[in-house]
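**Q** Structure for this input, please:
(one chain, ligands or ions: 2)
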Amino acid sequence: MVARYGYGDAFARHVDNNCCRGQGELCNGRVLTTVYYMQDADWDAETDGGCLRLFGSQQPLGEPMDTAATPLADDTPARLDVAPLMDRLVLFLSDFRCPHEVLPVRRREANRFATTIWYWNGDIPIPPWWQPEVHDCQLVEV
Ligand SMILES: O=C(O)CCC(=O)C(=O)O
Ligand SMILES: [Fe+2]
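**A** Ligands and ions are numbered 1, 2, ... in the order given. Predicted structure coming up:
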């Protein structure tokens, strides 16, 4: 998936696969998330925003898992802000262990481009409720 975030765009905190150790109603089979950033090389995260913010696990590790769809806790502190710098590749686990969000883009006229590829567990069928979302399908000149 290629995504373009313009001025003010953000992506609220979420996990890419709301799943606990392969179990749970909302499992969608995603195992590993890879994000590759492609915007202008002069992107300055301090002024332009758009960082990928990574949080700690949404459930304690090493304890019995609640495999029901788990609400995203909003009280765990951010672990790391990753600047979406040109040519940077970020990999993280898709499940409950890696909640994340995209902070708002703060520069007018800016385009934050990211290509996201999810590595899939082929044993898990794509659930009927999960359909790839199409957001803003304009072609953008770069
Ligand atoms: O663009 C990013 O940094 C992350 C995007 C993301 O979280 C997603 O597409 O699920
Ligand atoms: Fe995500």
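**Q** So what's the residue count around Glu46?
**A** Neighbour count of Glu46, defined by other Cβ atoms under 10 Å: 8. To be clear about C-beta, it is placed using only N, CA and C from the backbone, and glycine gets the same treatment.
**Q** wait, does the host helix or strand of it make contact with ligand 1?
**A** Per DSSP states H and E: Glu46 is located in helix 45-48. No. Legend: contact between helix 45-48 and ligand 1 by Cβ under 6 Å from any ligand atom is lacking; minimum distance shown is 11.7 Å.
**Q** what sits up against that helix?
**A** Residues outside helix 45-48 that contact it (Cβ atoms under 8 Å, 6 or more residues apart in numbering): Cys51, Asp81, Ala83, Pro84, Leu85, Val105, Arg106, Arg107, Ala110, Arg112.
**Q** For the residue lying closest to the second one once chain neighbours are set aside, give its distance to ligand 1.
**A** Spelled out, that is Asp81. In space, and not counting its chain neighbours, Asp81 is closest to Cys51: 4.2 Å by Cβ to Cβ, 6 or more residues apart in numbering. Distance from Cys51 to ligand 1, counting by Cβ to the nearest ligand atom, to the nearest Å: 8 Å.
**Q** Contacts only, for Cys51.
**A** Ala45, Asp81, Val82, Ala83, Pro84, Val102, Leu103.
**Q** What is the nearest of these to ligand 1?
**A** Within the contacts of Cys51, proximity to ligand 1 (Cβ to the nearest ligand atom) peaks at Val102, which comes in at 4.9 Å.
**Q** Surely the closest one touches Gly49?
**A** No. Using Cβ atoms under 8 Å, Val102 makes no contact with Gly49, being 9.1 Å away.
**Q** Which PyMOL command selects the buried ones in the contacts of Cys51?
**A** Buried members of those, defined by 16 or more other Cβ atoms under 10 Å, are picked up in PyMOL with:
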select buried, resi 45+82+84+102+103
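**Q** For the contacts of Cys51, give me TSV that also has secondary structure.
**A** Below are these laid out as TSV (DSSP: H, G, I helix; E, B strand; the rest coil):
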residue	secondary structure
Ala45	helix
Asp81	strand
Val82	strand
Ala83	coil
Pro84	coil
Val102	strand
Leu103	coil
